[in-house]
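1. Could you look at this predicted model? Sequence included:
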Amino acid sequence: MKIQLFFFILFFWITISPARSAFEAPMYRFERCEEVKGICKTFCDDDEYDYGYCIKWRNQCCI
């Protein structure tokens, strides 16, 4: 029974830890966009590349 509990906790920790890292430090995402000289917009134009999200999930870093 202890081994099952150990594996359950291990499985739970492995599945939750990557999800937690996606929500941390939205300011870092904005700074990352500035470092690559990108612009935060709602939608990228056809000639721009979507580098990732800026602060909110709707704003994209366009290069």
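-> That came through, no problem. Numbering: from 1, shown residues only.

2. Show me where the chain has its strands.
-> For the chain, the strands defined by DSSP state E cover 39-41, 50-53, 60-62.

3. Nearest approach to residue 30 belongs to which of those strands?
-> Among the strands of the chain, strand 39-41 comes nearest to residue 30, with 6.9 Å by CB to CB. Backbone N, C-alpha and C define where each C-beta goes, glycine included.

4. Check which helices and strands that closest one sits against.
-> helix 26-35, strand 60-62 (3 or more CB pairs under 8 Å, 6 or more residues apart in numbering; DSSP states H and E).

5. Enumerate the positions of it that are buried.
-> Residues residue 40 are the ones in strand 39-41 that count as buried (16 or more other CB atoms under 10 Å).

6. picking up where we left off before, please tabulate the strands of the chain in CSV and include distance to residue 5 and mean pLDDT as additional columns.
-> Below are those laid out as CSV (distance: least, CB to CB, whole Å; pLDDT from 0 to 100):
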stretch, distance to residue 5, mean pLDDT
strand 39-41, 45, 87
strand 50-53, 37, 84
strand 60-62, 43, 88
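
7. so of the helices and strands packed on strand 39-41, which one's packed in deepest?
-> strand 60-62 (a mean of 22; mean count of other CB atoms under 10 Å).

8. so what strands line up beside that strand?
-> strand 39-41 (antiparallel), strand 50-53 (antiparallel) (DSSP bridges).
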